[in-house]
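1. Curious how this folds, go ahead:
(chains A and B)
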Amino acid sequence: MATAINVPGALPRGRQPLIPSAVIATLVLILTEVMYFCALISAFNVIRAQLFGNWAPPGDVRLPVAATAFNTALLLASGVTVWLSARAYKYPEGRTKAQLLLLVTITLGACFVGFQGYEWVKLVQYGMTMRSGIFGATFFMIIGSHGIHVLAAVLVMAFLYMRMLQGRLSLGALQAMQVFWLFVVGVWPILYRLVYFA
Amino acid sequence: MATQGHAAAANGHDAHGHGDHHELSFVQKYIFPLDHKIIGMQYLFTGILMGVIGALMSYAFRMQMAFPGKAVPPFGLITPEFYNSMVTNHGSIMIFWFAMPVLIAAFGNFLIPLMIGCDDMVFPRVNRLSYQIFLLSAIVLIASMFVPGGGFGGAWTSYPPLSASSVYNQTPYGAPMWLFAVALEFVAFLLGGINFITTLMNSRAPGMKMYNIPIVIWMIIIASILFMASVGPLIAGAVMLLFDQTIGTGFFDPVRGGDPVLWQHLFWFFGHPEVYVVLLPAMGIVAEVLPVFARKKLFAYKTVLWTAIATGVLSFVVWAHHQFVAGIDPRMANIFTVTTLLISVPVTEMLFVYIGTLYGASIQLTTPMLFAIAFIAEFLIGGVTGIFLGASGSDIYFHDTYFVLAHFHYTFIPIAVIAVFAGIYYWFPKMFGRFMNDFWGKVHFWGTAIPFNGIFLPLFYTGAAGDHRRSFDLLNFPELRQPNLIFARQFATISLLVMLGFQVIFFINFFYCMFRGRKAGANPWNANTLEWVAPSPPPHGNFAELPNCHRGPYEYSVPGRESDYWPQNEPAT
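-> Predicted structure coming up:
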């Protein structure tokens, strides 16, 4: 009988899932985030293409390309440290190393947000705001969307760090955080190339 | 708990185990529940309540269409602003606050853990948060109709520049609140969808392979993935539109370098997959009901599954058929015509599979089966009329007429009303442990299906004659004052009143049978899927003993067996 082929033996319960639930959930969230940033990137390109070269910032403001290159380096470094932290956390003897590396990641992320905030204050002082024109609007929309992601991720990482100090952090949660942070780090060079070199 | 191998324990949900759970207080159990079944019920009741509100709105503007300038009983004389606000909020409510919460969130929450044989969602607290945000979004939307200036009136598609500035839309508070409500609603469904996908991947009963998962679960999961992948662009667009409205940026203002058509692309990149987000769960519900009452194996399980996935993939490349008259390049319009016509192939294939399931079956015409068969017939009309709109040449004439309106109501009403009724009548014994009355169910069926055609068949005709959708009073146009057109509009409105009247029977039947209906056993329909293993209604923790899965979900009338069904949890021999 054809249907009888499709009969497995009863598997034992309690098998480990292939990927931790928290990581799957984060990956699904990242799917949405990727599409969100794709939409912003296409909106940027569509709006810019229709201005036929008149894409100058108001009042001749120049975006801080070099300072942001330094910021980019900070963010990329934090991607490496979070990866090392999650790798070390798998083993009991790596716990203190993981704590240190997570703290470094938080610090680097906070520095990134801080420097970017400082740049924004300067830009606003030069008269570039969301209302000053389409250049400022798209700049703050795209860079701001990314900045909010960094800020939120840094706050969550600080929370996870506290849990880690208390010894209550599961490996799955740290891996989920790592996946999200790697997304935030990975999308930044694309946005940097797109916005600052437009 | 430790024996169940999923992460519910890690979330602190019932760390003491389901076996020895204590009685929860009313507030814990029904107001702030962690139980997926109660959350599903909350979604179901909120969604149906919003559906009733949306239906009453349609009463207000249909009366205006049929009898312009006459006072409509509870609303009085309908002003153009009120009319626009009713049309806008009717569309938004029916799609975002009725179709999606009922089809995906209510049935998804209730069915996924039961049908894959586990005790709850992976993240029960996220699930609860999802409903609470959804409820908040519904409250914000309802409140937006009572603020100064009235509710938003720019249609559910919310095209700028009309929607981008209160100078144009005259609703300084209504428009931002509408956007805010939509955004909150998306957050709710993001949380829900993440939960569904994770639960399906990590919590299936042992032995349940990919091809043993019931079709309705697959459909809800595919719909969730579609939603996840398509909602990002709309969130981006909504944030930009909100900035345009509130702080005065110019993303969609051509004078200041923006592009209004950009919004149409961002909106419809979400909006078209959204059609399939609600279609697929409806298709899934029908796929569950048909084999049970046909007493026959679902014809071509794998075809249904893979055509559903093909539909999902194709749905991302059809969106610009909504912009044929928005000034897009005609060469691009050709491409989108081809993809649009192409997507009807997998959907038709699914309908063929369902008809194939009915072929040679011993059909029992119970109420859910009637609704399921009606879904196939009515959705077919919706699909066939879509061909004329997908072809860019004929769409230039039909665009924004009542023909379009009748077309998408012929798709959405089978999806969100007829298939939902099939699902409610079918799973009611599992939800409440009692049957709904079959006689009054059939009265309700005929009272729904016949007036539904009475509403929208005339609108095909008036639309082809030139009735424009976005018009407050069609008698302003001399060509549209012909008596036969006026009669067709009045016929549609009276059919609507009849259809709304018959829904009263449903509600009386529903609430009476919830408490007084005939008692149902664990498996009243002799069905195979795992939710019928659990007692009716399933207690907290669902199963007395978590089931194993041994075979596919549709093994009906297997030759050589005494009973004509073969539950998934029953071991061979």
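2. Could you use CA atoms for every contact and neighbour count after this?
-> OK.
3. Which secondary structure element of chain B has the lowest mean pLDDT?
-> helix B:26 (a mean of 80; mean pLDDT, DSSP states H and E).
4. Beyond that one, next helix or strand please.
-> helix B:36-66 (DSSP states H and E).
5. what packs against that next one?
-> helix B:80-92, helix B:107-115, helix B:124-143, helix B:483-516 (3 or more Cα pairs under 8 Å, 6 or more residues apart in numbering or on different chains; DSSP states H and E).
6. Can you give me the neighbour number for A:Ala198?
-> Counted with other Cα atoms under 10 Å in any protein chain shown, the neighbours of A:Ala198 add up to 11.
7. if we can go back for a sec, buried deepest among the helices and strands packed on helix B:36-66, which one?
-> helix B:107-115 (a mean of 27; mean count of other Cα atoms under 10 Å in any protein chain shown).
8. Who are the packing partners of that one?
-> helix B:36-66, helix B:174-202, helix B:215-246.
9. Just put the ones you listed in JSON lines and tack on mean neighbour count and mean pLDDT.
-> Shown next, in JSON lines, are the helices and strands packed on helix B:107-115 (neighbours: other Cα atoms under 10 Å in any protein chain shown; pLDDT from 0 to 100):
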{"stretch": "helix B:36-66", "mean neighbour count": "22", "mean pLDDT": "95"}
{"stretch": "helix B:174-202", "mean neighbour count": "23", "mean pLDDT": "94"}
{"stretch": "helix B:215-246", "mean neighbour count": "24", "mean pLDDT": "95"}
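10. and these as TSV, adding distance to B:Tyr554?
-> Output for these, formatted as TSV (distance: least, Cα to Cα, whole Å):
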stretch	distance to B:Tyr554
helix B:36-66	24
helix B:174-202	19
helix B:215-246	10
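11. and of those, who's closest to B:Pro478?
-> helix B:36-66 (15.3 Å; Cα to Cα).
12. got the angle between the closest one and helix B:107-115?
-> 150 degrees (axes from the mean of the first three to the mean of the last three Cα atoms, to 10 degrees).
13. export the helices and strands packed on helix B:36-66 to TSV and tack on mean pLDDT and distance to B:Pro571?
-> Output for these, formatted as TSV (pLDDT from 0 to 100; distance: least, Cα to Cα, whole Å):
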stretch	mean pLDDT	distance to B:Pro571
helix B:80-92	94	47
helix B:107-115	95	17
helix B:124-143	95	31
helix B:483-516	96	34
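14. Dump the ones you listed into TSV; add distance to B:Phe251 as well.
-> Converted to TSV, the helices and strands packed on helix B:36-66 look like this (distance: least, Cα to Cα, whole Å):
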stretch	distance to B:Phe251
helix B:80-92	23
helix B:107-115	37
helix B:124-143	24
helix B:483-516	39
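15. hmm, the helix or strand A:Ala152 falls within in reach of chain B?
-> Using DSSP H and E, A:Ala152 sits within helix A:134-165. Yes - applying Cα under 8 Å from any Cα of the partner chain, one finds that helix A:134-165 is in contact with chain B at A:Ile134, A:Ala137, A:Thr138, A:Met141.
16. Identify, from those residues, the entry nearest to A:Tyr118.
-> A:Met141 (16.8 Å).
17. re earlier: so which of the helices and strands packed on helix B:36-66 comes closest to B:Gln170?
-> Of all the helices and strands packed on helix B:36-66, helix B:80-92 comes closest under Cα to Cα, at 8.9 Å.
18. My read is that B:Phe543 contacts B:Pro537, right?
-> No - B:Phe543 sits out of contact with B:Pro537 when judged by Cα atoms under 8 Å, with a separation of 10.6 Å.
19. any idea how far B:Ala320 lies from B:Phe336?
-> 6 Å (Cα to Cα, to the nearest Å).
20. pretty sure B:Cys118 is touching B:Pro206, no?
-> No - here B:Cys118 does not reach B:Pro206: they are 9.8 Å apart, not a contact under Cα under 8 Å.
21. neighbour count winner among the two?
-> B:Cys118 (27 against 23).
22. which SS state does the more buried one fall under?
-> Secondary structure, DSSP: H, G, I helix; E, B strand; the rest coil: B:Cys118 is coil.
23. Let me see the contact set for the nearest residue to A:Met164 once chain neighbours are set aside.
-> Nearest non-adjacent residue to A:Met164, counting by Cα to Cα, 6 or more residues apart in numbering or on different chains: A:Gln99, 7.1 Å away. With contact set as Cα atoms under 8 Å, 6 or more residues apart in numbering or on different chains, A:Gln99 has these partners: A:Ser85, A:Tyr161, A:Met164, A:Leu165.
24. Quick one: buried ones out of those residues?
-> A:Ser85, A:Tyr161, A:Met164 (16 or more other Cα atoms under 10 Å in any protein chain shown).
25. possible to save those as TSV with pLDDT?
-> Converted to TSV, those look like this (pLDDT from 0 to 100):
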residue	pLDDT
A:Ser85	95
A:Tyr161	96
A:Met164	93
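26. Who are the contact partners of B:Leu485?
-> B:Thr462.
27. What pLDDT is listed against B:Pro206?
-> Per-residue pLDDT puts B:Pro206 at 87.
28. Now do it against chain A, distance only.
-> Distance, B:Pro206 to chain A, using Cα to the nearest Cα, to the nearest Å: 5 Å.
29. I'd assumed B:Asn548 was in contact with that residue.
-> Yes - shown here, B:Pro206 and B:Asn548 form a contact pair, counting by Cα under 8 Å, at 5.3 Å.
30. Of all residues in the stretch 351-500 of chain B, which one is closest to chain A?
-> B:Thr357 (17.4 Å; Cα to the nearest Cα).
31. Please report the distance of the nearest residue to that residue once chain neighbours are set aside from B:Glu288.
-> Spatial nearest neighbour of B:Thr357, chain neighbours left out: B:Phe299 (4.9 Å); criterion: Cα to Cα, 6+ apart. When distance is defined by Cα to Cα, B:Phe299 is 12 Å away from B:Glu288.
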